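*Asks:* based on what follows, work out the 3D shape:
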Amino acid sequence: MARPIKIDAPALRLDPERALESLDWGEVFESDGPVEIELGIGVGRFLLASAAQRPEVNHLGIEWANKYLRIAERRADKRGLKNIRFARLDGRELICRTVPDHSVSAYYVFYPDPWPKKRHHKRRFFQPETLDHLVRTLVPNGWLHVATDHEEYWSVIEPLLEGDARFVRQAEFGGPAFPLPTDGPLTNYEEKYGREGRARHRASWRVG
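*Replies:* Numbers count the residues shown, from 1 in each chain. Sure, this is the predicted structure:
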């Protein structure tokens, strides 16, 4: 039997090795509420606001940069958020390996690393295999919200999702269940890029 997930130090962070062995959301959150995952949270601006807005929803934030992750963890602890956990690992690997079937209500992928060099494109989050596991792990009618400033990466992401009949693009970014207003910046990156005048591409899809 696989060892259960434990919350490792810092208090809200998952042990990455065990997270890649098995995941049980009831053990992770000690709650049976719906689960949402943000990949690449930075310092946690969106994730923390969403968790504070909806205490009945469990939030997992994934971030590789440890300095940013520690900032987000400190802020979550200071605000007393009980419905949030963090993980420092490769989000694509977690989704493909251990996220349970039909267990995630929404994924948020905001400003993912574009890996601009062609030889690094295989490291990008959006790959055909990843889409298979997004479909597998999302609940029926679950959401995928995506934002990027990178023109070339968007030219890959958009046709990849539009060409997959399992993903139904919504008329507007966000939708009725989106936790925060969409007319302003959702992340620190988005605010910074807006000041710099960069293009912003945002869209939402649902999985039937």
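
*Asks:* drop to CA atoms for contacts and neighbour counts, all remaining ones
*Replies:* OK.

*Asks:* longest helix of the protein, counting residues only.
*Replies:* What stands out as the longest helix in the chain, according to DSSP state H, is helix 66-79.

*Asks:* please identify the helix or strand for E158.
*Replies:* Element membership of E158, judged by DSSP states H and E, is helix 151-162.

*Asks:* now do that helix: which elements does it pack against?
*Replies:* Applying 3 or more Cα pairs under 8 Å, 6 or more residues apart in numbering; DSSP states H and E, one finds that helix 151-162 makes contact with strand 167-169.

*Asks:* could you verify my assumption that T98 touches R18?
*Replies:* No. Judged on Cα atoms under 8 Å, T98 makes no contact with R18 at a distance of 9.8 Å.

*Asks:* for the spatially most central residue of the chain, list the residues it contacts.
*Replies:* Nearest to the mean C-alpha position of the chain, by Cα atoms, centre = their mean, lies E38 at 2.0 Å. By Cα atoms under 8 Å, 6 or more residues apart in numbering, the contact set of E38 is 47, 59-62, 107-110.

*Asks:* farthest pair within those residues?
*Replies:* Largest separation among the contacts of E38 by Cα to Cα: H59 and F110, giving 15.1 Å.

*Asks:* higher neighbour count, those two?
*Replies:* More neighbours surround H59 than the other of H59 and F110, with 26 against 23 (other Cα atoms under 10 Å).

*Asks:* neighbouring contacts of the following helix or strand past the longest helix of the chain?
*Replies:* Proceeding N to C from helix 66-79, the next assigned helix or strand is strand 84-87, under DSSP H and E. Contact with strand 84-87 is made by 12-16, 28-29, 48, 51, 58-63, 69, 73, 76, as judged by Cα under 8 Å, 6+ apart.
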